[in-house]
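**Q** below is the sequence, then the predicted model.
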Amino acid sequence: MKVPYYPGCTLHERALDFDVSARESARALGIELEELPIWTCCGAVFPLTTDTVMDILAPVRNLAYASRIGDKVVTLCAFCYNVLKRANKVMRDDPEKREKANLFLRADTEAREAIESYTLEDYDGQVEVLHYIEMLRDLVGFDAIARKVTTKLGGLSVAAYYGCTLLRPKKEMEFDDPEQPTIFEDFLEALGCDVVDFPMKTECCGGFQIVNEPDIAVACSQNVVVSALKRGADIIVTTCPLCRYNLDKQQEEMEKRVQGFQKVPIVYFTQLLGLALGIDEEHLDFSDNYVDPRPVLTEKSLL
Amino acid sequence: MRLKLSGEAIRDDLVERVEELSGQNLSACYQCGKCSAGCPVVEEMDVVPSEVIRLLQLGQVESALETKTIWICASCLQCASRCPKGVEFSSICDALRAILLRRRLSSPRVDADELAPVMVSDAPQMGVVGALKKLNG
Amino acid sequence: MEQRIGVFVCHCGSNIAGTVDVKRVAEALAKYPGVAYSTDYTYMCSDPGQNLVKDAIQEHDLTGVIVAACSPTLHEATFRRAGTAAGLNQYRVEIANIREQCSWVHQGEKEEATRKAIRVIKSMVEKVKLDESLDPISVPMTHRALVVGGGVAGIQAALDIANAGHEVILVERSPSVGGHMAQLSETFPTLDCSQCILTPKMVEVSQHPRIKLMTYCEIDDVSGYVGNFKVKVRKKTAYVDRDVCTGCGLCTEKCPARTDSEFEEGLAKRKAIYTPFPQAVPNKPVLDAEHCIYFEKGKCGVCQKICPVDAVDYEMKDEFVEEEVGAIVVATGYELYPVEKLGEFGAGKYPDVVTSLQFERLLSASGPTGGEVRRPSDGEIPKEVVFLTCVGSRDPENHLPYCSKICCMYLTKHAMLYKHKVHDGQAYYFYMDVRTGGKGYEEFYQRAAEEDDVLYVRGRISKIYEEDGKLICWGVDTLTGSKVEIAADMVVLGLATVPNPAAAELANKLKIHTDEWGFLTEAHPKLRPVESLAPGFYLAGAAQGPKDIPEAVSQASGAASKVAALFAEEEYHREPVIAWINEDTCAGCRVCVSVCPYDAAEFDEEKKVARIQEAICEGCGACIAACPSGSAQQRNLTDEQIFRMVTATLED
């Protein structure tokens, strides 16, 4: 089965391990992630001011591209998922903004025709935006995945970190219960992990404030990591390259701030998925982490 | 501190603009403070979220614009998610920043030339793009 | 018959006269055919105004009266009484609404409003000309009441009705009466021991000669109408013959099966064969087959073997009993909003985050910890306890928009009692407003703050999570503008009160209204708080809305007095302005039978015509609209009358 796939600019450049492990795992489960032939950055954040249409043009354009090859689009990056899904909702529910956005799209088409012979039609929300984990749950089934697992990850205590953008705002994202979500825990159970629930799994890692106020972002990330550690996590999975960067790289800072700080590796959930499905280490690519996950994985005889 | 209140002072054009830009009804906030209690970065703020809204309810928009609070918000939306009256403080922050930035009276908050090298070489682009959009307008 | 109709145009002060030229209206009507007397007056509803009507009826031999004034919902009854007093049939006294439907909606348009008033009154004259003299329909009435729900409100209503001299059937679905009040430790603001003040009433209700107490029973079906209800009661099988049982308790003692006790709010276990609490009335056990080893596996049977009077019978089935009653009081009470809905507080997975009812059981001397406040997780005495108000209430975005009224007070009571029991403990009370509207309530709250050192923190808590055996609470003090964090040993949630979920199903069966939250709807929020709009149904207690014990008891007595007033008459009198069928023109098509929502239309197999049962018809008009031959008509609102009213309105 082929599913249109939107990687987003970060997966394309800085989170290749996320991209590759996701593609290979999907392939092992019978899904070919078909990257959109044309796409651009989604804009990273969804505007919270009411008077802007410009800020949703980038995601809308990508959705329009997706509508050319299918009725759904899968993404991995939590920021992209949030922006695409919310922009999609605007196109479905707000006739005034939909009209304006489509006017821009049409103008774009004229330029595009001249350059690449690629036309866009009016977009009105006909594409469904899916997160990769929703694709796993709904198109494959966690039970089916469990049956395909060749390396059960038993003995590995895994904490799932959800972060913010997957879950909120709850009425628009409709991803899972925003206070007590369980989709990733269900997924990890299918892989045979010892699942660790921890109270900070839905609290912010600091996000983009790592650029402007790094100390504050480190404090947020530290709160998350320490909470997972206290609950006995060997490893934390995430679905957001920014969360991964904050939780992983900033442990360099956390080590300085917390006495007796115990480092914990942060990996993408697709890397663990690939590991469980028996995908070779090269395609899981653990080389990009600040805190290397390989020692703990080897210790648990999983590598 | 003495605030001289009047109908004019409380509902001036700037207050209307904040409501319009943020899409929020400031009067709906009944000052329960749940937003402040759950904000992950509240400890760094000079004025906690519910207090910022209180300032706006009293027509003190300029005071709200002067806070460090609106620049620290990470748009995590936990405040909006838990608010019992459906008031989205995160949107109010965005609106207040937008009002300030659109006045174009100072240099951008995040200087792209002064970015830490690691931001350019290592950090995921989404963080830099997000920060520039949120904080530079 | 020569018509001599009297028209009385009310000024209603300036409400009508300010917009409508009342003198001109009275003059215009004086000339209208059929009108023998026409006048205007400042306040028709006053005594002199009413006397004007009575005197005119007699002096001018009036055959009909129209009072042109406010809406009939206000004073139709007043003027009908006046008519009756003067010897005129009350159904020939009509109101023409020239206030709500004329002067109040056409202010500033004097000419048009005056002309409209004249037309409105003329159309009513046409109606009155064809009005028949009717009499209320009397039907026999059963002078017995049914009370559904055996909490404090139901108990009070039953006692008051019984003491007024009427028989009462009190049906309660759980094995004992008492409701939630029996679970409370002490009541605010007096700190009376709850069971001490309630159990005398419970015993009274079980021993009263005019009260038939049916516990472990449910209402299966209700049919009929006010004065004549037929109720089918399901006696749920207890597998114990509660008439033979002596309440010795041996079966409960020996029973090996355990499950969570509902009375102890899950903090302790009970047996499969059990009484809910020691002071239960009746103090006879029931067997919960779902948790019984005999019913699950076919083994055990100890209770039957050990019973000295052979009261245990595993073959028992549900029984059904039919009762006839004339009035029904619904007092089904409340439940707490489920803690599972509060994800930010753990959704029920932290054992030391307890509900308010659970805390009552911890405080209670007869509770699972003997009245010592101990953590459910490890039995330790908590030194830092946080009390949260408004959990689920006043939260239109995520939960319930309304205020649950009692939580401010009962959490103050909780904090106070905790401090009385744990002197070196610290109590924190998080609030947005402390609502203390009852007698002695404000003083009670001040006492908790001043004498018992409860720390009142104005702000809400956003998140509670467990860490190192403590419950970390993220809160805020809005008065100083600071986030506060407390590592609590225990948290008590003031959960919202919601109506007993069973009430919605019951309301459906009874065909009485509930609001969007499931609370029973009163006939008028201000003036008729203890009755439903449906005749014969009365409301009492928290089922109608969140309230405390004195309010529930007051409302119960109020409902009882309404029942007593109903029963004061020998027969029940119904409005005669209902449907009737002209049997000469009826074709027997039976459309009326199929559309009647009250099953009032019946088909006479012999005569092959339809007939309306006068005792049941509510005058809704469905059959009249549906009847293809026009044989079904409404008394005093026939098609002919309506046609003439419309014609009069359109004339210039």
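**A** That came through, no problem.

**Q** just the helices in the stretch 401-550 of chain C please.
**A** C:407-421, C:441-450, C:501-510, C:549-567 (DSSP state H, counting those that start in this stretch).

**Q** need the CA coordinates for the helix or strand just after the longest one. CSV is fine.
**A** The C-terminal neighbour of helix C:549-567 among helices and strands, as given by DSSP states H and E, is strand C:571-574. Listed next in CSV are the C-alpha coordinates belonging to strand C:571-574 (Å, rounded to 0.1, in the frame of the first residue of the first chain):
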residue,chain,number,x,y,z
GLU,C,571,-62.2,14.1,43.2
TYR,C,572,-59.7,15.5,40.7
HIS,C,573,-61.0,18.3,38.5
ARG,C,574,-59.7,18.6,35.0
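
**Q** what's the spacing between strand C:571-574 and its chain's center?
**A** In terms of Cα atoms, centre = their mean, to the nearest Å, the centre of strand C:571-574 is found 23 Å from the chain centre.

**Q** with stretch C:639-647 instead?
**A** The answer for stretch C:639-647 is 39 Å, by Cα atoms, centre = their mean.

**Q** can you check stretch A:216-232 too?
**A** Worked out by Cα atoms, centre = their mean, stretch A:216-232 lies 20 Å from the chain centre.

**Q** for stretch C:641-651, same thing?
**A** So, by Cα atoms, centre = their mean, the centroid of stretch C:641-651 is 41 Å from its chain's centroid.

**Q** so the lowest-mean-pLDDT helix or strand in chain B, near chain A or not?
**A** Using mean pLDDT, DSSP states H and E, the weakest-scoring helix or strand in chain B turns out to be helix B:117-121, at a mean of 84. Yes. Helix B:117-121 reaches chain A (Cβ under 8 Å from any Cβ of the partner chain) through B:M119. The way it works is simple: take the backbone N, C-alpha and C, and place the C-beta from them, glycine included.

**Q** and for C:K230, the neighbour number?
**A** 14 (other Cβ atoms under 10 Å in any protein chain shown).

**Q** for C:A507, see how far away it is.
**A** Going from C:K230 to C:A507 by Cβ to Cβ, to the nearest Å gives 18 Å.

**Q** whichever residue of the stretch 551-652 of chain C sits closest to chain B - how many residues pack around it?
**A** Using Cβ to the nearest Cβ, the closest approach of the stretch 551-652 of chain C to chain B is made by C:E551 at 25.1 Å. When neighbours are counted by other Cβ under 10 Å, C:E551 registers 19.

**Q** swap in A:P295?
**A** Neighbours of A:P295 (other Cβ under 10 Å): 11.

**Q** got a list of what whatever residue of the stretch 151-300 of chain A ends up closest to chain C touches?
**A** In the stretch 151-300 of chain A, the residue that lies nearest chain C is A:E179 (2.5 Å; Cβ to the nearest Cβ). Counting by Cβ atoms under 8 Å, 6 or more residues apart in numbering or on different chains, A:E179 touches A:202, C:343-344, C:347.

**Q** from the residues you listed, which is closest to chain B?
**A** C:E344 (6.3 Å).

**Q** which residues touch residue 63?
**A** You didn't say which chain, so I picked chain A. A:L63 neighbours (Cβ under 8 Å, 6+ apart): A:73, A:84, A:87-88, A:91, A:123, A:125, A:127, A:129.

**Q** try again with chain C
**A** C:1-5, C:88, C:92.

**Q** one more pass at 10 Å, please.
**A** C:1-6, C:34, C:36, C:57, C:88-89, C:92, C:128-129, C:131, C:133 (Cβ atoms under 10 Å, 6 or more residues apart in numbering or on different chains).

**Q** report pLDDT for C:F567.
**A** The model reports C:F567 with a pLDDT of 97.

**Q** what residues are up against the nearest residue to it once chain neighbours are set aside?
**A** Nearest residue to C:F567, sequence neighbours excluded (Cβ to Cβ, 6 or more residues apart in numbering or on different chains): C:H143, at 4.8 Å. By Cβ under 10 Å, 6+ apart, the contact set of C:H143 is C:165-167, C:227, C:325-327, C:563-564, C:566-570.

**Q** so what's residue 142 closest to, chain neighbours aside?
**A** Chain wasn't specified; assuming chain A. A:F142's closest residue in space is A:A190 (Cβ to Cβ, 6+ apart), at 4.1 Å.

**Q** wait, chain C
**A** Per Cβ to Cβ, 6+ apart, closest to C:T142 is C:G326, 4.1 Å.

**Q** cool, and C:I486?
**A** Closest to C:I486 by Cβ to Cβ, 6+ apart is C:C473, at 4.5 Å.

**Q** my guess is that neighbour contacts C:L493. True?
**A** No. Using Cβ atoms under 10 Å, C:C473 is not in contact with C:L493; the gap is 11.4 Å.

**Q** quick one: contacts for C:T190?
**A** So C:T190 contacts C:197, C:440, C:444 (Cβ under 10 Å, 6+ apart).

**Q** got a pLDDT number for it?
**A** Per the predicted model, pLDDT is 95 at C:T190.

**Q** do the same with A:N212
**A** The model's pLDDT for A:N212 equals 89.

**Q** just C:L510 next, same as before
**A** The model's pLDDT for C:L510 equals 89.

**Q** next one: it from C:L533, what distance?
**A** 12 Å.

**Q** quick one, which of those two is more surrounded?
**A** C:L510 (22 against 12).

**Q** check whether the residue of the stretch 551-652 of chain C closest to chain B really touches C:K405, as I assumed.
**A** Yes. Taking contacts as Cβ under 10 Å, C:E551 lies within contact range of C:K405: 8.6 Å.
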